[in-house]
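J.: Sequence first, predicted model second:
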Amino acid sequence: MKIYNTMTRKKEEFVPVEAGKVKMYSCGPTVYNYFHIGNARPFLFFDVVKNYFRYIGYDVTYVQNITDIDDKIINKANEEGIPFEKVTEKYIKAFLDDIKALGIVGADIQPKATDVIEEIIAFIDKMVEIEAAYAVNGDVYFAVDKLPQYGSLSGRKLEDMQAGARIQENTQKRNPYDFTLWKASKPGEPKWDSPWGEGRPGWHSECVVMSCANLGETFDIHGGGIDLVFPHHENELAQAYAVNKKPLCNYWMHNGFINIEGEKMSKSLNNFFTLRDVLKKYDSEAVRFFFLSKHYRSPIDYNTGILDESEKAVKNFYKALEKVDYLSFADESYEVSDALVKFKDKFVKAMDDDFNSAIAIATLFDLAKIVGKASEDMQLRKDAAHLMVELGRVLGFFADIETKLSNDMNQISESLINLLITYRNDAKKDKNWVLADRIRDDLLALKVQLLDTKDGTVYKLL
RNA sequence: GGCGACAUCGCCAAGUGGUAAGGCAGAGGUCUGCAAAAUCUCCAUCCCCGGUUCGAAUCCGGGUGUCGCCUCCA
C-alpha cells in the first residue's frame, strides 16, 4: 500500500501507527451554505479511502469535523438576521442529506467545533503557557518565529513568503504570518468565556483538538483539499509540534481542485454548482464516476458534457447486471474463481498504488464485459457479477442496486404493453407498417421502447 | 517576486525505462420490412527541441502552453 505524502512529496509505503488499524481525519464542511461539487470531491474521495482500508482488512476510525463557528457563519447569520445556530443547524442537515444523496457513508465520528470549545481553550492556553502563542487585547496569536519547523508541510520558508505576499497589516501581530488562535468577540457576536476575555476560537485549532482527542497525538492520515495545505494544515501541524512535540500525522493526503469549463470555480465568476443542484439533473453514481475516473490528486475539469458521458458509462454496468438478472442470485454466496482472481488482483493493486481509482474502474468494465457476454459460461458470468458488485461497492457504486435494477412496472401496465406488442405483431404480419410503426412510436413516447430480437419482441423502460 | 502542478486518440483518462489500459463518441460486419437494441471487429507513438540509454510517453536540460497556492475558497 503506497500513499503520496504531501509532506515528503513522494509515494511512501503505508505503515500504520498501530498494526491493523487506520486512524484518519479529514477536514469537513464549514456549515454556512450548501456545499458545491468542489467540496464534494474530498468528502467522496476520503470516504472511498476509508471503504478501501476496511475492504483490505484494516480496522478504520474515520473522523471528520464540522466547523460550526466561523466568520462566514456569523456573516450569514447577520445577513439573514437570525442566530448563528439557526444557520448551522440548517446547513448541517443539508450537509448530511447531500452526502447521503451522493452515496457517502460518512465518518465514524463527526465532532462539531462548538462541542469542544472548552478543550480548544485549554489547548490554546497551553500554547500561551509555553510561549508558543501570545495574547494581545483579547486576541491570541500563534508565534510562527518560535517554531523552526514552520513551513515544512507547504515547503515554504518564512523569508520567501514575506517577499511578495499580500498580507493585511495587523499591527498586533509580531510576525505577519502569526495566525489567530482566539478572536475577541464584537458586540452581538457568539462568544465564550476564556482566560483572554470573551471570544471565539480561530479555525486552525479545532481540527488539532478534534483529531488528537479521537485519534491520538500522532495518527495515520490527515486529508483535505490541496488549498488547505497552506495555511490551514501548516498551522495545524505547527500547533501540534508546539504542544505535543511530535508530528500530527504520518501521511498528509490532498485532493486536487475542480475547475469549471477550464476556469477556477469562484463565487465572483458565479460559476460554481452546488451538489444539490447537480443531483437534480444527474444520477449520483454519474457524479461519483466523474470523480473517481480521474486520479484524486489531479485537477479535474467540470463541464456539462462530462456528466452525460459518465452517466452512460455507469448505465453500462447496470445493463450488464440486468442481462444476468443479478437480483435473482444476489444473495447467493460465491467464490472468486481462478478465472476471476486476476481482476480482483488488478483492482487491489491499483488501489494500493495511491488509490488509482481510474484503473479500479477499468477493472469494473473488464468484469462487466464478462457479465454481459452471452457466449460465456453462466456460472462465470454470475461470479463476475458478484465480484463486480463487491469491488464496485468499495468505490461506492451499487449501494442501491435493488431499486436500480427492479422493474417497478405493475402487472396491469405490463400486460397492456404485451397486448400492444401482440397487435403490432399482427399488423406486421399484414405488412401494415404504418400501424406497426405507430404503435412502436407511441409507446416510445411513453418511455417504453420496443426491441425486435431474434426471439421475438421485448420491451424496455427508458 | 516565492513555491508547486500539469501537457497522452474528437472528448474524458491510465501509464513513472521495455515497446501506448479503460470509458464516451465514431467507423464497418452480423441481425432487421425500416429503426433501435444486441453482438463482433476497427480506431493514438504520447506539446516542441536536444541529451542519457541497447531501449523513453516515462530520466535530464532547454523551450512553449495551461493551471494552482502564497487572501481563514475543498
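T.: It's in. Here the structure is a predicted model, which is why all the values come from computation and not from measurement. Numbering: from 1, shown residues only, chains lettered A, B, ... in the order given.

J.: Which pLDDT value belongs to the residue in the stretch 301-450 of chain A positioned nearest to RNA strand B?
T.: The stretch 301-450 of chain A approaches RNA strand B most closely through residue A:313 (3.1 Å), counting by C-beta to the nearest atom of the strand. To be clear about C-beta, it is placed using only N, CA and C from the backbone, and glycine gets the same treatment. Looking at residue A:313, its pLDDT reads 93.

J.: check which helix or strand covers it.
T.: Using DSSP states H and E, residue A:313 maps to helix A:304-323.

J.: again, but for residue A:46
T.: Going by DSSP H and E, residue A:46 is part of helix A:37-55.

J.: does the helix or strand following that helix come close to RNA strand B?
T.: Proceeding N to C from helix A:37-55, the next assigned helix or strand is strand A:59-64, under DSSP H and E. No: using C-beta under 7 Å from any atom of the strand, we find that strand A:59-64 stays clear of RNA strand B, coming within 11.5 Å at best.

J.: Going by neighbour count, which residues in strand A:59-64 are buried?
T.: Neighbour-count burial for strand A:59-64 flags A:60, A:61, A:62, A:63, A:64 (criterion: 16 or more other C-beta atoms under 10 Å).

J.: Contact partners for the residue of the stretch 301-450 of chain A closest to RNA strand B?
T.: Contact analysis of residue A:313 by C-beta atoms under 8 Å, 6 or more residues apart in numbering lists A:286, A:289, A:293.

J.: can I get the buried residues of strand A:59-64 in a markdown table with distance to residue A:152 and pLDDT?
T.: A markdown table is the format used below for the buried residues of strand A:59-64 (distance: C-beta to C-beta, whole Å; pLDDT from 0 to 100):
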| residue | distance to residue A:152 | pLDDT |
| --- | --- | --- |
| A:60 | 27 | 97 |
| A:61 | 26 | 97 |
| A:62 | 25 | 97 |
| A:63 | 23 | 96 |
| A:64 | 25 | 95 |
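
J.: Same list, the residues you listed, but as a markdown table with distance to residue A:77 please.
T.: Output for the buried residues of strand A:59-64, formatted as a markdown table (distance: C-beta to C-beta, whole Å):
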| residue | distance to residue A:77 |
| --- | --- |
| A:60 | 36 |
| A:61 | 33 |
| A:62 | 30 |
| A:63 | 27 |
| A:64 | 23 |
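
J.: And the contacts of stretch A:40-48?
T.: For stretch A:40-48, the surrounding residues in contact (C-beta under 8 Å, 6+ apart) are A:24, A:26-29, A:35, A:62, A:64, A:98-99, A:102, A:104-106, A:223-225, A:253, A:255-256, A:258, A:275, A:287-288, A:291-292, A:296, A:300, A:355, A:357, A:394-396.

J.: Counting neighbours, which of those residues end up buried?
T.: In these, the ones that pass as buried (16+ other C-beta under 10 Å) are A:24, A:26-29, A:35, A:62, A:64, A:98-99, A:102, A:104, A:106, A:223-225, A:253, A:255-256, A:258, A:275, A:287-288, A:291-292, A:296, A:300, A:355, A:357, A:394-396.

J.: if you look at the residues you listed, which of them are in helices?
T.: A:98, A:99, A:275, A:287, A:288, A:291, A:292, A:357, A:394 (DSSP state H).

J.: nearest to RNA strand B, of the residues you listed?
T.: Of all these, RNA strand B sits closest to residue A:357, with 8.2 Å by C-beta to the nearest atom of the strand.

J.: That closest one is in contact with residue A:396, isn't it?
T.: No: assessed by C-beta atoms under 8 Å, residue A:357 is found out of contact with residue A:396, at 10.1 Å.

J.: Tell me the predicted confidence for the residue in the stretch 1-150 of chain A positioned nearest to RNA strand B.
T.: Ranked by C-beta to the nearest atom of the strand, the top residue of the stretch 1-150 of chain A for proximity to RNA strand B is residue A:38, at 2.6 Å. Model confidence at residue A:38, given as pLDDT, is 90.

J.: before we move on, back to that, can you list residues touching both of residue A:357 and residue A:396?
T.: Common neighbours of residue A:357 and residue A:396, using C-beta under 8 Å, 6+ apart, are A:48, A:292.

J.: What is the burial count for the residue nearest to residue A:111 when sequence neighbours are not counted?
T.: Nearest non-adjacent residue to residue A:111, counting by C-beta to C-beta, 6 or more residues apart in numbering: residue A:210, 4.7 Å away. A count of nearby residues for residue A:210, using other C-beta atoms under 10 Å, gives 26.

J.: show me what contacts residue A:210?
T.: By C-beta under 8 Å, 6+ apart, the neighbours of residue A:210 are A:25, A:63, A:65, A:111, A:113, A:116.

J.: Only whichever of the residues you listed are buried, select them in ChimeraX.
T.: In ChimeraX, this line selects whichever of these come out buried by 16+ other C-beta under 10 Å:
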select /A:25,63,65,111,113,116
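
J.: so which of the contacts of residue A:210 comes closest to residue A:184?
T.: Using C-beta to C-beta, residue A:113 comes nearest to residue A:184 of the contacts of residue A:210, at 17.5 Å.

J.: Is it correct that residue A:459 is in contact with residue A:448?
T.: Yes: counting by C-beta under 8 Å, residue A:448 is a contact partner of residue A:459 at 5.5 Å.
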